[in-house]
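Student: test case, fold it:
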Amino acid sequence: MKRPVSTFKRRCRRVCIILLVTVLSYILLSVAGSAVVFRFIFARTATVHAFELTYADVDAARYPRSDVSFLSGNNRLRGCVYRPQGDSRALVLLLNGMNACLDRHLPEILYFVDHGFAVMTFENTGVGQSEGDGTVGLAQARLDADAAMDYIRRDNSLAPLPLVLYGHSLGGYAAATALCDSEKACAAVCVAGFNAPNENMLFSARRRVGVLADVQYPFMCLQNYFLFGDKSDSTAVDAINACGKPVMLVGSDSDETVPPDISITGRAEDITNPRAVVVKIDEAYRGAHSAAWLSRSAAQYLAETEAPTDKRRANALDEGFMRDVTAFMDKAVSEQR
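Tutor: The predicted model follows:
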């Protein structure tokens, strides 16, 4: 004859079941919530500010460009190629920051063209004229860069040119990590790039929701892995060390968008690649996230003007910085040859 279950054991069993259901429900809701958050944060976008130089502002006869398109996964990305007069010294693949449209870095593009470089740039998945329901996640930028380099490899006019990657912010991360994906790319310039996607997402989430971000962090990482697998959280520093190629890393301790705690330059002590060069921008105003390439007066104008619209003032370049970048590129190209 079975012994009756005691009231205490029944209560313990009930509590255990409730706890198990609660934990499972929390996990399921958190996983589903992370997927929804990703869809919201990485929604389709196209951001152009009033101060940005556009191709309509440029002498098209002096700076002709041709349209290009290529597949990244199932999405067709749109871009363009600029060519200098005469022979090209090399091809610069310019990788944009998050949500940036085609002309965001037009001042640098024109400078490169004036100094003999061909330039290819494009809009990332889910941005501007490129296809995609959304921008997917931070690691997507690396996949888009790989797709662009594959297009270059197959294009008869671009393939013979030495290839250098130049990226800002998200593009800086993509340039660092994609460099090790390509035998053809000989160097990278990474401006204000972050070191790792998960770390960056946690930093941004803490700004929005505080400690709740730490609670949800494992599920953000899990969603990131579901989307990108082994490339979901590759670090820029690991890629730079593994590739052994020349890399110019530009950053600032006063960058509030990608501060030293999560930036590539903030991990400078972990970089073992002897061909990596770290450049810290400490000049007033130019340490802002999107100002390293600008003159001090341009950076100050953007920082102090509530609604800047003067494109000439807002896009004046820092000649010293741009000269250093082109010199670095030239050296890397000559070493490859």
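
Student: contacts and neighbour counts: CA atoms only from here.
Tutor: Noted.

Student: would you say V81 is within a strand?
Tutor: Yes - V81 forms part of a strand when assessed by DSSP: H, G, I helix; E, B strand; the rest coil.

Student: from E183, how far out is it?
Tutor: 21 Å (Cα to Cα, to the nearest Å).

Student: shouldn't F122 be in contact with Y82?
Tutor: No - applying Cα atoms under 8 Å as the test, F122 and Y82 come out as separate, 11.6 Å apart.

Student: who has more neighbours, these two?
Tutor: F122 (29 against 21; other Cα atoms under 10 Å).

Student: what sits closest to the more buried one if chain neighbours are left out?
Tutor: G79 (3.7 Å; Cα to Cα, 6 or more residues apart in numbering).

Student: hey, what's the one you found bridged with?
Tutor: On the basis of DSSP bridges, G79 is bridged to V68, F122.

Student: can you list the buried residues in stretch 147-154?
Tutor: Neighbour-count burial for stretch 147-154, counted by 16 or more other Cα atoms under 10 Å, picks out A147, A148, M149, D150, Y151, I152, R153.

Student: could I get it in CSV with only the CA atoms?
Tutor: The C-alpha trace of stretch 147-154 is given here as CSV (Å, rounded to 0.1, in the frame of the first residue of the first chain):
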residue,chain,number,x,y,z
ALA,A,147,30.6,40.7,-50.4
ALA,A,148,32.0,44.0,-51.7
MET,A,149,35.6,42.5,-51.9
ASP,A,150,34.2,39.5,-53.7
TYR,A,151,32.7,41.8,-56.3
ILE,A,152,36.0,43.6,-56.6
ARG,A,153,37.8,40.3,-57.1
ARG,A,154,35.5,39.4,-60.0
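
Student: what mean pLDDT would you report for it?
Tutor: Mean pLDDT, stretch 147-154: 97.

Student: next one: stretch 101-113
Tutor: 98.

Student: related to what we said a few turns ago, pretty sure the residue nearest to F122 contacts L93?
Tutor: No - the criterion here is Cα under 8 Å, and G79 misses it with L93 at 10.7 Å.
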